[in-house]
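Novice: how would this look folded up:
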Amino acid sequence: MRAVVQRVTEASVEVDGELTGGIGPGLLVFLGISREDTRTDADYLADKITGLRIFADPDGKMNRDVREAGGSILIVSQFTLYADARKGRRPGFDRAASPETARALYEYFVEAVRRRGIPVATGVFQAHMSVRLINDGPVTILLDSEKTI
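Specialist: As a prediction, this is how the structure comes out:
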């Protein structure tokens, strides 16, 4: 499971011109799910993301997590995080999970984050989405549940 995590001052998702999810300060998480991923991967990333100390403390140091900072998380599914563009010019997506598998793990991940007491907004799974964000910093972190060591 892969995630691109961005610290934002605000972020939102629209589908067909309709706002489907939005947050103020917090994290925007683009989540990609591979064929090999399990709930263990989802739990690992939920813990890692909610515990990232990338928000400023009173001294201006990145020392607080999203909960301590009073932030929210916007989670957007993005199978293209498993694009393989090593050959040719058209990316392949063989490692990406099937839509049925990915949807179940995506929904599990969203609930895993909610269980940690953080307000969560989402995009619409498998929809064409317009994502707007204001990256704060900028701070962008790449996480992969396969790279735990």
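Novice: Which neighbouring residues are in contact with Thr122, exactly?
Specialist: 13, 20-21, 74-76, 110 (C-beta atoms under 8 Å, 6 or more residues apart in numbering). Any C-beta I mention is one placed from the backbone N, CA and C, and that applies to glycine too.
Novice: Throw the residues you listed into CSV and include distance to Ser98, thanks.
Specialist: CSV is the format used below for those (distance: C-beta to C-beta, whole Å):
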residue, distance to Ser98
Val13, 23
Thr20, 23
Gly21, 24
Leu74, 24
Ile75, 19
Val76, 19
Val110, 18
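Novice: Format the residues you listed as TSV; extra columns: distance to Asp47 and neighbour count.
Specialist: Converted to TSV, these look like this (distance: C-beta to C-beta, whole Å; neighbours: other C-beta atoms under 10 Å):
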residue	distance to Asp47	neighbour count
Val13	24	24
Thr20	26	17
Gly21	22	20
Leu74	18	25
Ile75	15	25
Val76	19	23
Val110	14	21
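Novice: taking those one by one, which sit in helices?
Specialist: By the criterion of DSSP state H, membership of the contacts of Thr122 in helices covers Val110.
Novice: which element is the residue located most distally from the centre of the chain on?
Specialist: Most distant from the centre of the chain: Gly88, at 28.1 Å, with distances by C-alpha atoms, centre = their mean. Remark: Gly88 resides in no helix or strand, with elements defined by DSSP states H and E.
Novice: Look up how far Asp94 lies from it.
Specialist: With distances taken as C-beta to C-beta, to the nearest Å, Gly88 is found 13 Å from Asp94.
Novice: Export stretch 55-74 to PDB, keeping only CA atoms.
Specialist: Output in PDB follows, covering the C-alpha atoms of stretch 55-74 (Å, rounded to 0.1, in the frame of the first residue of the first chain):
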ATOM      1  CA  PHE A  55       2.800  19.900  12.400                       C
ATOM      2  CA  ALA A  56       4.400  22.800  14.200                       C
ATOM      3  CA  ASP A  57       4.500  23.000  18.000                       C
ATOM      4  CA  PRO A  58       4.500  26.400  19.800                       C
ATOM      5  CA  ASP A  59       8.200  26.700  19.100                       C
ATOM      6  CA  GLY A  60       7.700  26.200  15.300                       C
ATOM      7  CA  LYS A  61       9.300  22.800  15.200                       C
ATOM      8  CA  MET A  62       7.600  19.900  13.400                       C
ATOM      9  CA  ASN A  63       6.700  18.000  16.600                       C
ATOM     10  CA  ARG A  64       2.900  17.400  16.600                       C
ATOM     11  CA  ASP A  65       0.700  14.900  14.700                       C
ATOM     12  CA  VAL A  66      -2.500  15.700  13.000                       C
ATOM     13  CA  ARG A  67      -4.700  15.000  16.100                       C
ATOM     14  CA  GLU A  68      -2.600  17.200  18.300                       C
ATOM     15  CA  ALA A  69      -2.800  19.900  15.700                       C
ATOM     16  CA  GLY A  70      -6.600  19.700  15.600                       C
ATOM     17  CA  GLY A  71      -6.500  18.700  11.900                       C
ATOM     18  CA  SER A  72      -8.500  16.500   9.600                       C
ATOM     19  CA  ILE A  73      -7.600  14.000   6.900                       C
ATOM     20  CA  LEU A  74      -8.900  13.900   3.300                       C
END
